[in-house]
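Student: Any chance you could fold what I've pasted below:
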Amino acid sequence: MFKSILLPTDGSQLSERATETAVRFAQLNGAKLVAVSVIQPFPLVPMSEAVVVPDAAIFDRHADEYARNCLDRVATAARAAGVPFEGVMTQSATPYEEIVKAAEQHGCDIILMASHGRKGLNKLFLGSETQKVLAHTTLPVLVLR
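Tutor: Next comes the predicted model:
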């Protein structure tokens, strides 16, 4: 039924558990697994006398290494299960847009993603990438907790 599955990953413990489920789901469906890791851009820091400005190059290098590591962990799990795998790394301040775009570009049939399950003020201030993906895609989305 599903031939190409998109799995957004941020390296969190929830993403790790979602990876296990996505790999098994891909096995059961004989599907390819496409993982996407979205790097947040260097944060803009307002200038003042008391502010220490981090080095953007160091930030970018660490963010890139972290995203590659997230994708490598999914690749390892997929390879161990004999599931075809493709990793996508991108940078954006709006991860949900990159998730939806990756699903479209790679011909995915479904998006499997973890949700942190934030409630109340945390959800209001931090937002929910899962909610945004649900609102901006026509694909089925399986939300894992």
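Student: What are the phi and psi values at the residue nearest the centre of the chain?
Tutor: The chain has residue 8 as the residue nearest its centroid, 2.6 Å off, counting by Cα atoms, centre = their mean. Dihedral pair for residue 8: phi -70, psi 140, per degrees, to the nearest 10.
Student: same thing with residue 91?
Tutor: Here residue 91 shows phi and psi, under degrees, to the nearest 10, equal to phi -120, psi 130.
Student: Tell me the bridge partners for it.
Tutor: residue 39 (DSSP bridges).
Student: Now do the same contact list for residue 107.
Tutor: Contact analysis of residue 107 by Cβ atoms under 8 Å, 6 or more residues apart in numbering lists residue 4. The way it works is simple: take the backbone N, C-alpha and C, and place the C-beta from them, glycine included.
Student: Does it belong to a helix, a strand or coil?
Tutor: Using DSSP: H, G, I helix; E, B strand; the rest coil, the structure places residue 107 in coil.
Student: Residue 15 too?
Tutor: With three-state DSSP as the basis, residue 15 sits in helix.
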